[in-house]
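>>> This is a predicted model, with the sequence first.
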Amino acid sequence: MDKRRARLEQWAREVRGVADYTLAPASADASFRRYFRFTDAAGSCIVMDAPPEREDSRPYLRVAADLRQAGLHVPEVLAADLAQGFILLSDLGTQTYLDALTHGEAEHAGRLYGDAIDALVRLQAAYPSPETLPPYDERLLRDEMALFREWYLERHLGIALNTDERRLFDEVEDLLCASALAQPRVAVHRDYHSRNLMLSEPNPGILDFQDAVHGPLSYDLVSLLRDCYITWPEALQTEWMARYLARAREAGVCDVAEAEFHRWFDLMGVQRHLKAAGIFARLNYRDGKPGYLDDIPRTLAYVMRACARHEELAGLGRFLATRAGVAS
């Protein structure tokens with residue numbers, strides 16, 4: 001048993017005031033955080049371990065309070081010790097959307113995604129003071145896309161870009177930044193997808209929101225519908241996008257033409273998926289988490305389909321197909 005786990009267990013036991021309990025791993029994520037399920041006679045709760053030298057837990061507490069105020073179903077913070085990096089949370093259950101949809105619940109996808117879309121619109125419409133969140137600005141957008149060059153192309157594939165290829169990526173990144181920054185700005189969860197949505201009552205339970213930012217309208221919907229961990233037919237994506245637009249208009253979140261929103265959505269997806277592929281490669285080489293490499297082909301397939309739909313991205317599509325070996 002590692003020393004941090006022993007300290008975490010002692011802290012949780014003292015907070016709960018019990019001697020008879022079990023503590024078992026609940027989940028881990030792509031950061032340095034990890035989670036344990038603490039179960040005693042009163043029920044179960046989740047203990048988050050976020051080493052303070054690696055993770056600042058203050059944003060988690062702030063965003064959790066704001067999301068609950070907006071009427072969203074997120075874990076309740078029961079106790080926190082920021083000096084040690086321990087947080088005790090209510091338990092939203094054991095079944096993520098991804099688990100449910102890949103183990104017998106796929107026929108209920110329409111209901112689950114309808115719930116997720118309604119919750120997303122509530123987040124965008126009711127989040128108190130979204131401008132207090134960190135800005136999803138041009139610097140952050142470009143820093144994220146740089147991960148693709150550094151970790152996927154250079155580190156994973158061993159590709160050194162020539163002058164023309166660097167110019168191509170500069171032009172693509174200019175295009176993607178301009179599109180993202182032209183969109184209405186809302187509260188953005190930033191990882192609103194099937195691994196962070198829980199099958200719960202009320203549905204969905206929402207996790208992993210500590211990196212929320214103030215940014216582009218389409219970002220979270222891209223995360224949800226063009227998920228790096230599960231793929232849906234484009235006809236379903238279009239149907240769910242129409243539901244989102246109808247709900248967003250009703251809530252006063254946006255009033256944008258469907259064609260313009262579709263373009264924003266496509267280009268935002270390219271930005272997100274280039275970033276994600278870079279992060280997945282970094283998780284392998286820097287953090288020793290090779291499992292994420294399996295998600296790169298699905299992630300880049302979204303990019304290739306968007307490149308086929310937009311002439312401005314045709315050069316990127318050709319590069320990915322010929323130099324990076326991405327299937328079209």
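All right, it came through fine.

>>> quick one, helices of the protein?
Taking DSSP state H, the helices of the chain run over residues 3-16, 58-69, 97-102, 109-126, 138-147, 163-182, 219-225, 234-250, 258-285, 296-309, 314-322.

>>> Residue 27 is nearest to which of those helices?
Closest approach to residue 27 among the helices of the chain (C-beta to C-beta): helix 97-102, 10.8 Å. Placement of C-beta: from N, CA and C, glycine included.

>>> Please report how far the residue nearest to the spatial centre of the chain lies from residue 14.
In the chain, the centroid-proximal residue (C-alpha atoms, centre = their mean) is residue 191; its distance is 1.3 Å. Plainly put, residue 191 is 32 Å away from residue 14 if you go by C-beta to C-beta, to the nearest Å.

>>> For residue 156, which of the helices of the chain is the nearest?
Counting by C-beta to C-beta, residue 156 lies closest to helix 258-285 out of the helices of the chain; the figure is 4.3 Å.

>>> still on that earlier bit, ok, the residue nearest to the centre of the chain touching residue 213?
No: with contact defined as C-beta atoms under 8 Å, residue 191 and residue 213 do not form a contacting pair (10.9 Å).

>>> Who are the packing partners of the helix or strand of the chain with the lowest mean pLDDT?
Every helix and strand of the chain was ranked by mean pLDDT, DSSP states H and E. The lowest is strand 22-28, at a mean of 88. Contacts defined by 3 or more C-beta pairs under 8 Å, 6 or more residues apart in numbering; DSSP states H and E place strand 22-28 against strand 34-40.

>>> The strand it packs on versus strand 22-28: what angle between them?
Between strand 34-40 and strand 22-28, the angle comes out at 150 degrees (axes from the mean of the first three to the mean of the last three C-alpha atoms, to 10 degrees).

>>> give me the number of residues near the closest residue to the residue nearest to the centre of the chain other than its chain neighbours?
Nearest non-adjacent residue to residue 191, counting by C-beta to C-beta, 6 or more residues apart in numbering: residue 208, 5.3 Å away. Neighbours of residue 208 under the rule other C-beta atoms under 10 Å: 21.

>>> Give the buried residues for stretch 195-204.
Using 16 or more other C-beta atoms under 10 Å as the test for burial, stretch 195-204 gives 195-200, 203-204.

>>> cool, stretch 179-189 as well?
179-180, 183, 185-189.

>>> Just those residues: which are in strands?
Cross-referencing those against strands under DSSP state E gives 185-188.

>>> For stretch 27-44, what is the distance to the chain centroid?
Its chain's C-alpha centre and that of stretch 27-44 lie 19 Å apart, by C-alpha atoms, centre = their mean, to the nearest Å.

>>> What's the end-to-end length of it?
Its first and final residues considered, stretch 27-44 spans 14 Å by C-alpha to C-alpha, to the nearest Å.

>>> picking that back up, tabulate the helices of the chain (TSV), appending distance to residue 46 and mean pLDDT.
Below are the helices of the chain laid out as TSV (distance: least, C-beta to C-beta, whole Å; pLDDT from 0 to 100):
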stretch	distance to residue 46	mean pLDDT
helix 3-16	10	96
helix 58-69	12	97
helix 97-102	16	93
helix 109-126	20	97
helix 138-147	28	98
helix 163-182	33	98
helix 219-225	22	98
helix 234-250	29	96
helix 258-285	23	98
helix 296-309	28	98
helix 314-322	39	98
